[in-house]
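# dropping a prediction and its sequence here:
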Amino acid sequence: MVLKAFVLVGVILSHDDMRSTVEFNLNPAVNGGPAIAVLQNTAIPCAVEVGKKIYIVKSKEMEYPEIVCDVDTE
C-alpha cells in the first residue's frame, strides 16, 4: 500500500527567537510514537506560541509538503 496523502499534527512545545521545538504525530495514528522536530520560526506561517497546533500536509499531487496552521473560524 502506498500513501497518497499524509497529515502530521504538530504541537509547539517551546520556542525562542529563531527556532521552535515541535512534537509531531501522524494522523491517523498508525505506528510508533511522536517525533520531535526543531523548525525555524520563519517556516511556520502563523504566530509561534507554545501549545499552538501546526500541520504538515502532503498529497501525491504536491511536489513538497506544506506547513499550515489552524483556520480561524471566528
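Great, that's in hand.
# CA atoms only: put the lowest-mean-pLDDT helix or strand in the chain into PDB for me.
Using mean pLDDT, DSSP states H and E, strand 19-27 stands out as the lowest-scoring helix or strand of the chain, at a mean of 89. C-alpha atoms of strand 19-27 as PDB (Å, rounded to 0.1, in the frame of the first residue of the first chain):
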ATOM      1  CA  ARG A  19      13.600  28.100  16.400                       C
ATOM      2  CA  SER A  20      10.700  26.100  17.700                       C
ATOM      3  CA  THR A  21      10.600  22.600  19.100                       C
ATOM      4  CA  VAL A  22       7.500  20.700  17.800                       C
ATOM      5  CA  GLU A  23       6.100  17.300  18.700                       C
ATOM      6  CA  PHE A  24       4.500  15.600  15.600                       C
ATOM      7  CA  ASN A  25       2.100  12.700  15.400                       C
ATOM      8  CA  LEU A  26       0.700  11.000  12.300                       C
ATOM      9  CA  ASN A  27      -3.000  11.400  11.700                       C
END
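# what's the biggest strand in the protein, counting residues?
If you go by DSSP state E, the chain has its longest strand at strand 5-15.
# and the angle from it to strand 19-27?
150 degrees (axes from the mean of the first three to the mean of the last three CA atoms, to 10 degrees).
# pull up the pairing partners for strand 5-15, direction included.
Strand 5-15 has the following strand partners under DSSP bridges: strand 19-27 (antiparallel), strand 53-59 (antiparallel).
# export those strands to TSV and tack on mean neighbour count?
Any C-beta I mention is one placed from the backbone N, CA and C, and that applies to glycine too. Shown next, in TSV, are the strands paired with strand 5-15 (neighbours: other CB atoms under 10 Å):
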stretch	mean neighbour count
strand 19-27	17
strand 53-59	16
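# out of these, which is closest to Phe6?
Proximity to Phe6, assessed across the strands paired with strand 5-15 by CB to CB, is greatest for strand 53-59 (5.6 Å).
# after that closest one, next one along is what?
strand 66-69 (DSSP states H and E).
# go through that next one and flag the buried ones.
The neighbour-count check on strand 66-69 (16 or more other CB atoms under 10 Å) flags Ile67 as buried.
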